[in-house]
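[1] could you work out the structure for the sequence below:
(chains A and B)
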Protein chains: 2
Amino acid sequence: MDLDFIRKLIKPSDTKIVMLVMDGIGGLPKEENNLTELESANTPNLDNLAKKSICGLQQPVCTGITPGSGPGHLGIFGYNPVKYQVGRGVLAALGVGFNLLPGDVAARGNFCTVDENGCVLDRRAGRISTEKNQELCELLRSIELPDVKVFVETVKEHRLLLVLRGEGLSGDLNDTDPQEIGKKPLDFKTTSHESEKTGNYVRDFLEQAKNVLSDHYPSNMILLRGFSEKPNWPTFEEAFGLKSAAIAAYPMYRGLAKLLGMSILETGTTIKDEFTTLENNWNDYDFFYLHVKKTDSYGEDGNFDRKVSVIEETDREISRLLNLNPDVIIVTGDHSTPSLKKAHSWHPVPALLYSKYCRPDKVDHFGERACITGGLGPRFPAVDLIPLALANAKRLEKFGA
Amino acid sequence: MDLDFIRKLIKPSDTKIVMLVMDGIGGLPKEENNLTELESANTPNLDNLAKKSICGLQQPVCTGITPGSGPGHLGIFGYNPVKYQVGRGVLAALGVGFNLLPGDVAARGNFCTVDENGCVLDRRAGRISTEKNQELCELLRSIELPDVKVFVETVKEHRLLLVLRGEGLSGDLNDTDPQEIGKKPLDFKTTSHESEKTGNYVRDFLEQAKNVLSDHYPSNMILLRGFSEKPNWPTFEEAFGLKSAAIAAYPMYRGLAKLLGMSILETGTTIKDEFTTLENNWNDYDFFYLHVKKTDSYGEDGNFDRKVSVIEETDREISRLLNLNPDVIIVTGDHSTPSLKKAHSWHPVPALLYSKYCRPDKVDHFGERACITGGLGPRFPAVDLIPLALANAKRLEKFGA
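    Predicted coordinates for the structure are as follows:
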C-alpha cells in the first residue's frame, strides 16, 4: 500500500497505539520437543491477549528474504523496505548513535592491511580489537579537510564509521573495498558534480589516512563501503498522522526511529525500565514503539533457553501495558532469529493485533504454528500492520462513497 | 491482476456465473455469545454450499481500508478500486438513478446558509427536510445556461445532485465547499481550457441559484463537491467476455452495474422478487449480479437481529439458485457492515466460490471465522474473484505453452 494513498484517508483521533517489537522473535523448533523458542516459553499474558486479538505471521520484506534490522523495522513501521532503502553507511551511523544531520554522507569502514604497493593483504586487518580500533580512530580524527567536517567513530573490532558534513555532498559513491585479496582499493567513478566533489574529499581523506596509519601494520589502511546520505522520507507523523515515541535501549533502534522523526524517550537498560518509560510518557503520544533487544541477541548467540527467558520476562510486563488501556496493541518482531541458525532468517514473524474492533480469530496461543491459522494469514506483508492499526484506532476515513 | 492480462486469455463458453452480493455481510461478534451476524444466522443452505465450495475472506480495496459502496463493488467485479476511482458526483447520480451520459459532469450539492456577505453560517442549512429540498430543487430547475443542459435532483435532506450536459466539459473542478463556518464558498482554480469553461458555467449557475434562493433562508445558497465525469472504462463484457445482467432493487447498485455496461433487469423490492427475476432471465445472460441490500441497511442501523433475519431470508432462496444449476456461484459482500459499528468497516468479507471444479477446502460453515482457514485465504484481494470464476467456468485459456 502506498504512503500517499493512506495519507489522504487519515483523520485525527485521540486513540493510542502501542507496537511492542521483540527483536528476532520468530524461531525454529528444536529437535528434543519440536517446539520453537516462543512455543516453549510460558506466556500466559501474551496467550490471553492472542485470544482477544487477530493473529498471523508477517513478512517484513517478502517471501524468502532475510531482513536486516533496518528493513525489518521499516516494514513493520509501514514503509516498504524495498522502496525505502537505508544505506549501510547511514545504518552504521544509527548503530553507534551518531546524530546524522540532513546532507551528511556516511560510510562504513574497515581497517585493513596493505602491502608496499597498496594491494590489500587482509580486508579486516586480522580483526583487530575494539580497543586498538579506538586508538586508531583517535589518530584519524587529526585529519582535516577544507570546508568539510570529518567524523570518525569506532564501531567494533575492525569496523569504523566515517561521516563527512558539508555543503553539496552526495552519497552516490562506489565502495573502495575491492572485495578481493591482492587488489588495490578501488577509486571512485563519479557521475555527478556532487559525487565528484565528495569523491575528491574522500580521496584526500584516504591519502592522509594512509600516512597516519603507515606505522600501524597490520592496520595500515582503511576500506570504505556503503556511502549514503540521511534519507529524506515522510516522517511517521506525516505518513500516518501519529505523534510517536520510541522506547529502545540500543542506539541502532533509537536511530531508526529518529530517522522517521519519532521522539526518542530516555529509558533504562531493562525491559522493566522500558515499560516504566511507557507509563511515564503515556499522555504525550499517539503511538509508542517499544523495542526488546535480547530476544535477538540470544538468538544470534544460539542460546535457545535464554531467548525463551527474555520472552517470558517480556510476557510478565504485559499486564502493565494492558493497565494503560491502549486502543490498539501490536506485538511482533522485526524478523526471525532462530537460535538454531544463530542469525536473522526469512521465516515469517508471529504478530498479533488487539483492539475492541479487531474481529478475533480462533488463535489461543502466541506462537509460530498457532498464528498460521490466524485471521491475518500465515505470511502477510508487514507494511499492512500500521494501516490496520490506524483502522482499528478509528484513524482512517472510508475510501470512496 | 491487470484487466489487459486477463482479457487476452478469455475464451467463449456457454457456462453461467452467478454472483450473489449480500451488502455489508461481514460483521463483528456481539459480546453475549461471541458470534457475528453471519455466524448467528441459521443458514443450512449456505453452509451446505460452503462444504462444496472454496471459501475465504476477501478485501475489496486493501488491508485496513473501509470501502464505500463504489470501491467495494468495483473490487468484487474485478476492477482494482484504487485504479478505477468513481467520483463522488458520479456516485450521487448513480444513487438517485440519474441516467448519466458520456461527457456529463456531476457534482454533489448541499443546501447551506450564508450571511449577507456570502459567508457560510451552516454547511447543511439546518438539515432541511427532503420535502423542502424537493421544493427548492424545483425552483433551481428554472435556471438556464447557454449551450449547456442543467439537471438538479433531490438526494435526501440537505443533499442534492447537479449535472451539466454539453460539449467539452470537464469534471476537473475543485469543491466550492470551504469545509468551515465563516468562510465564503471557494471559487474555481482551473488548469485546463475544459475545466475553465465548465467553471464559468457553474459560476453562472451559482450566481443564479443565489438569486433564486435568496428568500429561502436558511437554505439560501448551495455548496458543490465531488465534480466528476462518467468514467470511460472497459465494460464488464469487454473486460471478461461475459454478457451480464444486474438484479438490484436499489438505484445506486443498478447505477454501478450500468457504469460497467451490465444490463439492468426490472425487479421487485423483495429478495424473493430478485430470485424470480433471476429465474425469468436465466437463458439470456452469462453472468448475473444479484444484490441484497438490507444486510447493509440493518448493519448501519445497528440492528443485529434484523441483519441476521435478512441473511436467513436470503439463505431460504438458495435452493432456487441451485435449481438453475449455475456453473459457478459466488456468494460474498461488497464490504463488512458490523452492527456493532453501525457503519462500513475494513474487515475482510466472507466469500465462497462453488463450481464442479473448485477444489473444496474443509470449511463447512459460511461464517467469518470458518472462512479464515478456507482455500482462498483469510484476506485475499477481491479482484481475484472474477478471474477465478472465469477459470472455473472454463472461460480462460492456458497462459503460455
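
[2] rest of the way, CA atoms for contacts and neighbours
    OK.

[3] which bits of chain A sit near chain B?
    Along chain A, the residues adjacent to chain B under the rule CA under 8 Å from any CA of the partner chain are A:1, A:357, A:359, A:361-362, A:373-377, A:384, A:387-392, A:396-401.

[4] one more time with 7 Å
    Chain A comes close to chain B at residues A:359, A:361, A:373, A:375-377, A:384, A:387-388, A:391, A:398-401, as judged by CA under 7 Å from any CA of the partner chain.

[5] farthest-apart pair in the residues you listed, please.
    A:Thr373 and A:Ala401 (32.9 Å; CA to CA).

[6] the two: which has the busier surroundings?
    A:Thr373 (21 against 15; other CA atoms under 10 Å in any protein chain shown).

[7] could the residues of chain A next to chain B be laid out in JSON lines, adding pLDDT?
    Converted to JSON lines, those look like this (pLDDT from 0 to 100):
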{"residue": "A:Arg359", "pLDDT": "98"}
{"residue": "A:Asp361", "pLDDT": "97"}
{"residue": "A:Thr373", "pLDDT": "97"}
{"residue": "A:Gly375", "pLDDT": "98"}
{"residue": "A:Leu376", "pLDDT": "98"}
{"residue": "A:Gly377", "pLDDT": "98"}
{"residue": "A:Asp384", "pLDDT": "98"}
{"residue": "A:Pro387", "pLDDT": "98"}
{"residue": "A:Leu388", "pLDDT": "98"}
{"residue": "A:Ala391", "pLDDT": "98"}
{"residue": "A:Lys398", "pLDDT": "96"}
{"residue": "A:Phe399", "pLDDT": "96"}
{"residue": "A:Gly400", "pLDDT": "90"}
{"residue": "A:Ala401", "pLDDT": "78"}
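
[8] could you flag which of those residues are buried?
    Neighbour counting with 16 or more other CA atoms under 10 Å in any protein chain shown marks A:359, A:361, A:373, A:375-377, A:384, A:387-388, A:391, A:398-400 as buried within those.

[9] these in strands, which ones?
    Among those, the members falling in strands are A:Gly377 (criterion: DSSP state E).

[10] out of the buried ones among the residues of chain A next to chain B, the closest to A:Cys112 would be?
    Distances from A:Cys112 to these, taken by CA to CA, are shortest for A:Asp384, at 42.9 Å.

[11] what packs against the lengthiest helix in chain A?
    What stands out as the longest helix in chain A, according to DSSP state H, is helix A:193-213. On a contact count with 3 or more CA pairs under 7 Å, 6 or more residues apart in numbering or on different chains; DSSP states H and E, helix A:193-213 meets helix A:130-140, strand A:221-229.

[12] most tightly packed of these?
    strand A:221-229 (a mean of 24; mean count of other CA atoms under 10 Å in any protein chain shown).

[13] which positions within the following helix or strand past that one qualify as buried?
    Using DSSP states H and E, the next helix or strand after strand A:221-229 towards the C-terminus is helix A:236-240. Buried residues in helix A:236-240, counting neighbours by 16+ other CA under 10 Å, are found at A:Phe236, A:Ala239, A:Phe240.

[14] among the residues you listed, which one sits closest to chain B?
    A:Phe240 (12.7 Å; CA to the nearest CA).

[15] related to what we said a few turns ago, in helices, which of the buried ones among the residues of chain A next to chain B fall?
    Counting by DSSP H, the part of these found in helices is A:Pro387, A:Leu388, A:Ala391.

[16] contacts only, for the first one.
    To tie it back to what came earlier, the one meant is A:Pro387. Going by CA atoms under 7 Å, 6 or more residues apart in numbering or on different chains, A:Pro387 touches B:Thr63, B:Gly64.

[17] now with 10 Å, please.
    Listed by CA atoms under 10 Å, 6 or more residues apart in numbering or on different chains, the contact set of A:Pro387 reads A:1, A:3, A:6-7, A:10, A:77-78, A:240, A:393, A:395-396, B:62-65.

[18] and the second one, by the same measure?
    Residues in contact with A:Leu388, defined by CA under 10 Å, 6+ apart, are A:Val328, A:Leu353, A:Cys358, A:Lys394, A:Arg395, A:Leu396, B:Cys62, B:Thr63, B:Gly64, B:Ile65, B:Trp346, B:His347.

[19] kindly recompute the last result at 7 Å.
    B:Thr63, B:Gly64.

[20] what's the domain layout of chain A?
    A:3-85+A:234-392, A:91-229 (automatic domain parsing).

[21] pick the most buried one from the ones you listed.
    domain A:3-85+A:234-392 (a mean of 21).

[22] now the strands: where do they sit in chain A?
    Under DSSP E, chain A gives strands at A:17-22, A:54-59, A:105-114, A:120-122, A:149-156, A:159-165, A:221-229, A:244-248, A:263-264, A:287-292, A:328-332, A:349-354, A:377-381.

[23] A:Ala391 contacts B:Cys62, correct?
    No - between A:Ala391 and B:Cys62 there is no contact, the gap being 11.5 Å when judged by CA atoms under 7 Å.

[24] who's in contact with A:Arg108?
    Contacts of A:Arg108 by CA under 7 Å, 6+ apart are A:Arg88, A:Gly89, A:Ala92, A:Leu160, A:Leu161, A:Leu162, A:Leu224, A:Arg225, A:Gly226.

[25] A:Lys342 now?
    Residues counted as contacts of A:Lys342 (CA under 7 Å, 6+ apart) are A:Gly299, A:Glu300, A:Asp301, A:Gly302.

[26] what's the answer for A:Lys243, then?
    Counting by CA under 7 Å, 6+ apart, A:Lys243 has contacts A:Glu237, A:Tyr285, A:Asp286, A:Phe287.

[27] and what of A:Arg254?
    A:Arg254 sits in contact with A:Ala246, A:Ala248, A:Ile264, where contact means CA under 7 Å, 6+ apart.

[28] returning to that earlier point: can I get the residues of chain A next to chain B in TSV including distance to B:Arg306?
    Below are the residues of chain A next to chain B laid out as TSV (distance: CA to CA, whole Å):
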residue	distance to B:Arg306
A:Arg359	20
A:Asp361	24
A:Thr373	31
A:Gly375	26
A:Leu376	29
A:Gly377	31
A:Asp384	33
A:Pro387	31
A:Leu388	29
A:Ala391	26
A:Lys398	24
A:Phe399	26
A:Gly400	26
A:Ala401	24
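
[29] just the contacts of A:Pro387: which are in helices?
    Per DSSP H, these map to helices at A:Leu3, A:Ile6, A:Arg7, A:Phe240.

[30] now do the third one against A:Asn303, distance only.
    A:Arg7 sits at a distance of 42 Å from A:Asn303 (criterion: CA to CA, to the nearest Å).

[31] what of the last one?
    Computed as CA to CA, the A:Phe240 to A:Asn303 distance reads 37 Å.

[32] also the first one?
    Summarising the geometry, the distance separating A:Leu3 from A:Asn303, computed by CA to CA, is 38 Å.

[33] ok, A:Phe240 to A:Phe366 distance?
    27 Å.

[34] output the contacts of A:Lys342 as CSV; include the columns pLDDT.
    Converted to CSV, these look like this (pLDDT from 0 to 100):
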residue, pLDDT
A:Gly299, 97
A:Glu300, 95
A:Asp301, 95
A:Gly302, 97
